[in-house]
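Trainee: Mind looking at a prediction? Sequence and model below.
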Amino acid sequence: MKADRTIWILPLLVLLTLVAAAVGLQTGAYPLTLEGAWHSLGQLWSGGVPQTAEERVLLDIRGPRVLAGLLVGSALAGAGVVYQGLFRNPLVSPDVLGVSAGAGLGAVIGIFLSLPALMIQVLAFAIGLATVALVYLIAVAVRGRDPTLVLVLGGVVVGALAGAGISLLKILADPYDQLPAITFWLLGSLASIRGTELWNVLPAVLLGLLPMVLLRWRINVLSLGDEEAKALGVEAGRLRAIIIAAATLMTASVVAIAGVIGWVGLVIPHIARMLVGPNFERLLPAAMLIGASYLVLVDTLARSMAQIEVPLGILTAVVGAPFFLWLLWRGRHGWSS
Amino acid sequence: MRLELRDLAFGYPEHPVGRDVNLTVEPGEVLCLLGPNGCGKTTLFKTMLGLLRAQGGEVLLDGQPLNQFTRAEVAQRIAYVPQAQTSPFPYIALDLVLMGRVAHRGVFAGPTQEDRELAMAALDELGIGDLAHRDVTRLSGGQRQLVIIARAVAQAAPLMVMDEPTASLDFGNQVVVLSDVKRLAARGVGVVLSTHQPDQAFAVADRVCLMRDGRIVAMGPPVETLTSERLEDVYGVAVSIERTRSGQIVCAPRYG
Amino acid sequence: MRMDRRQVMFGAGAAALLLPQSAIGSQAFTDSGGRKVMLPDRVQRIFASGGPAAVVVYVMRPDAMIGWPRAIRAEEAPYLLPQVRDLPELGMLSGRGDTANVEVVLQTRPDLIVDFGSVRPTYISLADAVQNRTGIPYVLIDGRFEATASSLRTLGKILGVPERGEALARYTEDLFGRLDKTLAGIPENERPRVYLARGPNGLETGLTGSINTEILERAGGRNVADAGGQRRGIVQISPEQILVWNPDIIVTWDRNFHARIQAGADPVWASVKAVEEGRVYLAPTAPFGWIDRPPSVNRLIGLAWLANIFHGNRFPFDFRQETRKFYKLFYHVELAEAELDTLLQWADGRPPRAPSPR
């Protein structure tokens, strides 16, 4: 029975995540010996400062990068699961309300104004949030019969505007200086993420995660549709606003530090649903664990395939799109597993 | 728990559907709403549940206006059985029925053991206990409808509103559902259901409400209210009301 | 039959009136793309079709400039002649991000369009396309670093300032000659390993052979970002790769990146050899970039500066003297002491405030 099966799936996924993290820590351009690695971990435990280059690689470069992969992957997958339930549509990704387009616009503005890296991230975060807030306000003002449809359409429109803004800035940007930086940012990368960035972003991600965990049962109910949810006693409109805010907070934070990484929020929830079913109680942790492992493994590939980095957004698309086609083919009988 | 509609006018913001609706539902009573397609039954139900704002008049629960209750409080008092739709997500039947318990728990809570037991009991009561762990998207339309009804039973509200609950059911399951309606009424639940079959009204209803064009044309016990003249008037077909040898009242249309 | 002088002059004058201005002049010229272009006799208005071309047109004929591809920033203005500072922004016809409208080109009534840079087929067909649509002669000149001297001579000839072209070409040949002489005495393994840090995080760089980093290699450094010549262009790398490469010298023109490294805020960069030894150099960018931005003759002063950084006293470089000479010869400006000081401090890692937006 399915209920029994899912009991051991979650611990298995935790194991998978740990394995992915281990693979990520061991892979890289800099040669690390096993004793060197152990010694470094020992240093970390005792709270010492990295001394040798080996320790620095592990603690300052690969460690934060693997953690970033875990954080970004889990946040995007978690937000994806929530959005798919909210919009009752498995084809929805966290970008549906325009958060990635808005964050991209913020970052591009920052690069265009030659601001320091921290300000670029702050702008990305702020404008990402503002974009979704704008979409939500539009939906409230229009107040159509079908709130989710209005939200999606609003997201399409505002997202398109943000995209137009990005295109405009790309034309105005200095082609020898800013344009390559803009292009790389928009393709997504974990390369420049350090410990400080992770610490900055972690509270926002946790703050977004908290309501999703607390309200897990009601999110299930919300996926039945507004009318049924209200009839069952759930304040559908208010719950939706909270959930959108929470998922947007999670997404905007990780996009601000990692750029636009697509396909994770769309494909991973499907895989998770195939494994544990649509019940949010199990689906959320499953999706987050799978998303975390997936992104760590893909990022490890991105930085070890060649001497130069392959942008993450490209790799996730190359892996994700065919998989999505396969899902469509399998799901031609419906979205059930 | 007494439901009262007082001078209720209902409809959608752009177009009104009906007015001057006055009716009450007492605990343990079965009220049947009968009327042709488009006469406003579903719209009336949505207004009763607070899903649509009343355009005039009031809905009262135990004398208190509906809009003074929170959604959870309303859900604790009235359960809704809509027409079953296809859900995009493959929940198992038990999880779907469990969702009926959400109004009884706090905002951050999950289902308790008691909730699970009530959910299973509801499934058993409707004879579909063996479907508990089945994926609802793989069930037949009729089976899905029974799951929705089980959810309303699990909701354990003193009032239940059912929108054409037998519409997609086969003959056997229709009898199952109607028998369950009688059982619920016997337990003290007040049931309002809409139907297209006058026979069903005769079978289970304590009172019948005949509707046309958003107005109530007649209300009262089935035998008095559902006369052949009235049915002909409302539906435009000739019928004869007869009593069978076993004592049941049936409505026999004249075909051809 | 002998015509008298008056008849000849009348005839010539009539002919001059009948023909359109730009067709006067039968000077045929084959440009670097192998295209035969009919040049006008007198070139009074020149349209520069991209960043590199703008630099070279300014250097040759500032009096004939009609606009810039990108407006001049406030901090760049003091290093340019007053008459060009406020010329309008006309957009770019070629290079990445072409934004110039052909109608704008026509509106400005240039006598000649100059392009300086790549002579690959794409740019040849662009040149043909623009020339056919506008009727304005379009010349494509080789912008490779190696070809600088000959390109300057060519430009001098077609722009009507052959002596100037000759003078600049000789400066270039002299510089390249001195450099080659120095490099002849420095074996490969004594040449420093250099990394060009681009972008706000310094993780963007150019592979060996790309136009953005050719100056490093020409100055006798070894670009650490070496993909064996298989690929060129700008790429992103991971911080780990920097540690593996461990360059001796880091060069950048991004002020934010430089400030962050100088402040020692980043433990990863701090452990790179170049940072540990304090060999991170910031290239000035006024009026044009010293090592790129755009990749044109503005790089010549950067070449000398870098050669001195890479090889120390083996390539002597008197900052003030050389900079003053270069800016006078190429950019037509007499640098005041204060301006020289600014450039010196800039190259020393203390730049003026970060650039403001346009």
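Mentor: Noted; the coordinates are in hand.
Trainee: Can you find the helix or strand of chain B with the lowest average pLDDT?
Mentor: Every helix and strand in chain B was compared by mean pLDDT, DSSP states H and E; the lowest is helix B:228-235, with a mean of 85.
Trainee: same deal with chain A?
Mentor: Lowest on mean pLDDT, DSSP H and E among the helices and strands of chain A sits helix A:34-45, with a mean of 69.
Trainee: which helices and strands does the very next helix or strand once past it pack with?
Mentor: As assigned by DSSP states H and E, the chain's next helix or strand after helix A:34-45 is helix A:53-56. Helix A:53-56 sits against helix A:34-45, with contacts defined as 3 or more CB pairs under 8 Å, 6 or more residues apart in numbering or on different chains; DSSP states H and E. Backbone N, C-alpha and C define where each C-beta goes, glycine included.
Trainee: near chain B at all, the strand or helix carrying residue A:75?
Mentor: With secondary structure defined by DSSP H and E, residue A:75 is part of helix A:63-86. Yes: with CB under 8 Å from any CB of the partner chain as the criterion, chain B is reached by helix A:63-86 at residue A:85.
Trainee: And the next helix or strand past that helix?
Mentor: Next along the chain after helix A:63-86, taking DSSP H and E as the criterion, comes helix A:99-112.
Trainee: residues near the spatially closest residue to residue B:201 that is not a sequence neighbour, how many?
Mentor: Excluding its sequence neighbours, the residue lying closest to residue B:201 (CB to CB, 6 or more residues apart in numbering or on different chains) is residue B:32, at 4.1 Å. Residue neighbour count, defined by other CB atoms under 10 Å in any protein chain shown, stands at 27 for residue B:32.
Trainee: Which element, helix or strand, includes residue B:94?
Mentor: Residue B:94 belongs to helix B:93-98 when elements are defined using DSSP H and E.
Trainee: tell me what whichever helix or strand comes after that helix is packed against?
Mentor: Along the chain past helix B:93-98, the next helix or strand (assigned with DSSP H and E) turns out to be helix B:113-125. For helix B:113-125, the elements it packs on are helix B:93-98, helix B:141-154, judged by 3+ CB pairs under 8 Å, 6+ apart.
Trainee: what does the last one rub up against?
Mentor: Translated: helix B:141-154. Here helix B:141-154 makes contact (CB atoms under 8 Å, 6 or more residues apart in numbering or on different chains) with B:79-84, B:93, B:96-101, B:115, B:118-119, B:121-123, B:125-128, B:131, B:136, B:139, B:160, B:162, B:165, B:167-170, B:173, B:176-177, B:180, B:184.
Trainee: tell me, what residue is most central in chain A?
Mentor: residue A:76 (2.2 Å; CA atoms, centre = their mean).
Trainee: Quick check: bridge partners of the residue of the stretch 201-350 of chain C found nearest chain B?
Mentor: Taking CB to the nearest CB as the measure, the stretch 201-350 of chain C has residue C:236 as its residue closest to chain B, at 39.3 Å. Judged by DSSP bridges, the bridge partners of residue C:236 are residue C:204.
Trainee: if I look at it, how far off is residue A:311?
Mentor: Relative to residue A:311, residue C:236 is positioned 7 Å away (criterion: CB to CB, to the nearest Å).
Trainee: Counting neighbours, go ahead and name the busier of the two.
Mentor: Neighbours were counted for residue C:236 and for residue A:311 using other CB under 10 Å; residue C:236 has more, 26 against 23.
Trainee: I'd guessed that one sits against residue A:192; true?
Mentor: No: using CB atoms under 8 Å, residue C:236 is not in contact with residue A:192; the gap is 9.0 Å.
Trainee: who touches both of these two?
Mentor: By CB under 8 Å, 6+ apart, residue C:236 and residue A:192 have these common neighbours: residue C:203.
Trainee: So residue C:244 is in contact with residue A:30, correct?
Mentor: Yes: assessed by CB under 8 Å, residue C:244 is found in contact with residue A:30 at 5.2 Å.
Trainee: List the contacts of the nearest residue to residue C:147 once chain neighbours are set aside.
Mentor: Distances taken as CB to CB, 6+ apart place residue C:32 nearest to residue C:147, at 7.9 Å, with adjacent residues excluded. For residue C:32, the contact set (CB under 8 Å, 6+ apart) comprises C:119, C:140, C:141, C:142, C:147, C:151, C:154.
Trainee: My read is that the last one contacts residue C:166, right?
Mentor: Right, the one you point to is residue C:154. No: applying CB under 8 Å as the test, residue C:154 and residue C:166 come out as separate, 11.0 Å apart.
Trainee: between the two, which one's more packed in?
Mentor: residue C:154 (20 against 15).
Trainee: Now for the residue nearest to residue C:298 when sequence neighbours are not counted: which residues touch it?
Mentor: Nearest residue to residue C:298, sequence neighbours excluded (CB to CB, 6+ apart): residue C:288, at 3.7 Å. Applying CB under 8 Å, 6+ apart to residue C:288 gives the contacts C:55, C:76, C:294, C:296, C:298.
Trainee: repeat for residue A:70
Mentor: By CB under 8 Å, 6+ apart, the contact list for residue A:70 reads A:17, A:21, A:292, A:295, A:296.
Trainee: got it, and residue B:75?
Mentor: Going by CB under 8 Å, 6+ apart, residue B:75 touches A:231, A:232, A:233, B:102, B:103, B:155, B:157.
Trainee: how much space between it and residue A:286?
Mentor: Distance of residue B:75 to residue A:286, computed by CB to CB: 29 Å.
Trainee: Against residue C:172, how distant is residue C:191?
Mentor: According to CB to CB, residue C:191 and residue C:172 sit 22 Å apart.
Trainee: Now the spatially most central residue of chain C: closest residue in space that isn't a chain neighbour?
Mentor: Per CA atoms, centre = their mean, the C-alpha nearest to the average position across chain C is that of residue C:296, at 1.7 Å. Leaving aside its chain neighbours, residue C:296 sits nearest to residue C:52 (3.6 Å; criterion: CB to CB, 6+ apart).
Trainee: per-residue pLDDT, that neighbour?
Mentor: Looking at residue C:52, its pLDDT stands at 93.
Trainee: roughly how far is the helix holding residue A:75 from the heart of the chain?
Mentor: Between the centre of helix A:63-86 and the centre of its chain there are 4 Å (CA atoms, centre = their mean, to the nearest Å).
Trainee: ditto for stretch B:112-128
Mentor: 20 Å.
Trainee: Now that stretch: buried residues?
Mentor: For stretch B:112-128, the neighbour count (16 or more other CB atoms under 10 Å in any protein chain shown) marks B:115, B:118, B:119, B:120, B:122, B:123, B:125, B:126, B:127, B:128 as buried.
Trainee: And stretch B:55-75, by the same measure?
Mentor: Result for stretch B:55-75 [16+ other CB under 10 Å]: buried residues B:55, B:57, B:59, B:60, B:61, B:66, B:69, B:71, B:72, B:74, B:75.
Trainee: Same question for stretch B:39-52.
Mentor: By 16+ other CB under 10 Å, the buried positions in stretch B:39-52 come out as B:39-52.
Trainee: before we move on, what about stretch C:68-83?
Mentor: Residues of stretch C:68-83 classed as buried: C:68, C:69, C:70, C:72, C:75, C:78, C:79, C:80 (neighbour count, 16+ other CB under 10 Å).
Trainee: So which of the residues you listed is the closest to chain B?
Mentor: The closest of these to chain B turns out to be residue C:70 (CB to the nearest CB; 51.2 Å).
Trainee: so where does that closest one fall, helix or strand?
Mentor: Here residue C:70 is assigned to no helix or strand, by DSSP H and E.
Trainee: and the closest residue to it other than its chain neighbours, how many residues sit next to it?
Mentor: Of all residues not flanking residue C:70 in the chain, residue C:89 sits nearest, at 6.2 Å (CB to CB, 6+ apart). When neighbours are counted by other CB under 10 Å, residue C:89 registers 14.
Trainee: Residue C:89 pairs with what?
Mentor: residue C:68.
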